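Peer 1: Here is a sequence with its predicted model. Questions after.
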Amino acid sequence: MELPFFGSRQMRNILRDEGHWVGRGRVRRLVRKMGLMAIYQKSSTSYPHPQRKTYPYLLRNMKITKPNQVWCTGIPFILMKRGFLYLVAIMDWHSRAVLSWRLSNTMDADFCVSALEDAISRYGVPERFNTDQGSQFTSDESTKTLRDADIRISMDGRVRWMDNVMIERLWKSLKYECVYLRELETGSQLRSALAWWFNFYNNRCPHKTFDGCKPMEISQARPNPEGVPPLGWPRQAA
């Protein structure tokens, strides 16, 4: 009761430190019997739709060596002082560059499709596109956009966050380097903070994997449609 934020592993450890030699199984049983539950934020953005088709995971043992070979995406929710918003971002797996992003106050597929179409219009068509099995990505709108562009669809296995590890690492960096450092009260404040951070991440943040090169430098080391600026680069005033 004193430590409601501990799960069974931490509870077992602290009980052992205090001389009570118990295992996680016993801790779970006693916690259930007492009607207790650890207090922590649970993900609620990747529920599959039972009547929609899912696709196999296509990236196992695959060497990803160039931009536009694989794109990936996901949806975290971003907590603010009052409420939260959903974020989607399209990322190039090889370069780690964020190609497009959108915010939404609903979990409809529209904002995901909008981000995908924007990324395709700016950076061309990837060979594969990897997502989780959430209902937004198995929707007819999302899969039709990918099929019409002749993009192969790849989806994580159930409860397999490592299958989409690059986007998960992005969310961790975003939250610790941007969201958690600010007291965000409105959607416009969040949008401005995200715009700054994605620009910083793409164009100013050195990546150790590429000997200090920036993600967008790696992404742009290939033919790119003329006149298409990288996401977040300053535009000249008209």
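Peer 2: Alright, I've got the coordinates.

Peer 1: State the mean pLDDT of the longest helix belonging to the chain.
Peer 2: Using DSSP state H to define each element, the chain has its longest helix at helix 187-203. Mean per-residue pLDDT for helix 187-203: 95.

Peer 1: for that helix, packing partners?
Peer 2: strand 84-92, strand 98-104, helix 165-174, helix 215-219 (3 or more Cβ pairs under 8 Å, 6 or more residues apart in numbering; DSSP states H and E). (Glycine included, C-beta is placed from N, CA and C.)

Peer 1: now residue 103, nearest residue through space, not along the chain?
Peer 2: residue 85 (5.1 Å; Cβ to Cβ, 6 or more residues apart in numbering).

Peer 1: That neighbour: neighbouring residues, count only.
Peer 2: Neighbour count of residue 85, defined by other Cβ atoms under 10 Å: 19.

Peer 1: Could you list the domains of this protein?
Peer 2: By the assignment in automatic domain parsing, the chain contains the domains 1-40, 70-219.

Peer 1: buried ones in the shortest one?
Peer 2: In this case it means domain 1-40. 6-8, 11-12, 15, 27, 31 (16 or more other Cβ atoms under 10 Å).

Peer 1: would CSV of these with secondary structure be doable?
Peer 2: Formatted as CSV, these follow (DSSP: H, G, I helix; E, B strand; the rest coil):
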residue, secondary structure
6, coil
7, coil
8, helix
11, helix
12, helix
15, helix
27, helix
31, helix
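
Peer 1: Report whether the expected contact of residue 105 with residue 87 is present.
Peer 2: No. Using Cβ atoms under 8 Å, residue 105 is not in contact with residue 87; the gap is 11.1 Å.

Peer 1: Compare the two (neighbour count), which wins?
Peer 2: A count of neighbours by other Cβ under 10 Å puts residue 87 above the other of residue 105 and residue 87, at 23 against 11.

Peer 1: Mind listing the residues bridging to the more buried one?
Peer 2: Residue 87 forms beta bridges with residue 103, as assigned by DSSP bridges.

Peer 1: show me what contacts the closest residue to residue 71 other than its chain neighbours?
Peer 2: Nearest non-adjacent residue to residue 71, counting by Cβ to Cβ, 6+ apart: residue 126, 4.3 Å away. Counting by Cβ atoms under 8 Å, 6 or more residues apart in numbering, residue 126 touches 68-71, 92, 151.

Peer 1: Residue 91 too?
Peer 2: 71-73, 97-99, 166-167, 170.

Peer 1: Next, the distance between the ends of stretch 67-86.
Peer 2: Terminal residues of stretch 67-86 lie 26 Å apart, using Cα to Cα, to the nearest Å.
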